[in-house]
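Visitor: just need the structure, nothing else, for what follows:
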Amino acid sequence: MVEKIYQMTNSDSRTVEMLISDENVHYLHMIFNKGEGLPEHFSNSNVYMAVLKGTLSIVLDDQEIHEYKEGTILKIPFKTKMNVGNKHDEILELTVVKSPAPSK
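Guide: Numbers count the residues shown, from 1 in each chain. I've put the predicted structure just below:
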């Protein structure tokens, strides 16, 4: 078999899973209910965030909160302060690609 297969969790519960972590890319899958999200942090690579379901509420650097609906893809530069969360009743589901893969 040439390909390698990865499976995302199908859930309604808070999920943060690293699906791919190699020297080329980090690929994450996240699910957040209302009031859930990530701790404030700085991006450790270029981040490509795709909203698969729901509405993303995000603050980048010193901007005000912005909201992005299903079908939106954001490109967030390296070393950007991020505050990611779900402020809505509908479940928020995201995929996040970090490229190049962050180095320690």
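
Visitor: Leu19 and Met8 touch, don't they?
Guide: Yes - look at Leu19 against Met8 with Cβ atoms under 8 Å: they come within range, at 6.5 Å. Where C-beta positions appear, they are placed from N, C-alpha and C, glycine not excepted.

Visitor: quick check: neighbours shared by these two?
Guide: Common contacts of Leu19 and Met8 (Cβ atoms under 8 Å, 6 or more residues apart in numbering): His29.

Visitor: quick one: the strands in the protein, in order.
Guide: Assignment of strands within the chain using DSSP state E yields the ranges 15-21, 26-32, 41-42, 47-53, 55-60, 66-69, 73-76, 81-85, 92-98.

Visitor: where does this protein have low pLDDT?
Guide: 104 (pLDDT under 70).

Visitor: for the closest residue in space to Glu23 that isn't next to it in sequence, give me phi and psi.
Guide: Computed as Cβ to Cβ, 6 or more residues apart in numbering, the closest residue to Glu23 that is not its neighbour in sequence is Ala101, at 5.8 Å. Per-residue torsions, Ala101: phi -60, psi 130 (degrees, to the nearest 10).

Visitor: can you offset everything so residue one is 281?
Guide: All right, first residue 281 from here; so that's Ala381.

Visitor: contact partners for Ala381?
Guide: Contacts of Ala381 by Cβ under 8 Å, 6+ apart are 301-306, 325.

Visitor: out of those, who's nearest Lys333?
Guide: Distance to Lys333, by Cβ to Cβ, is smallest for His306 among these, at 21.0 Å.

Visitor: what's opposite that closest one in the beta bridge?
Guide: Beta-bridge pairing of His306 under DSSP bridges involves Ser301, Lys378.

Visitor: what about it, how many residues nearby?
Guide: His306 has 19 neighbouring residues, counting by other Cβ atoms under 10 Å.

Visitor: for Asp292, same thing?
Guide: 9.

Visitor: and it, what is it in contact with?
Guide: 311, 313, 371.
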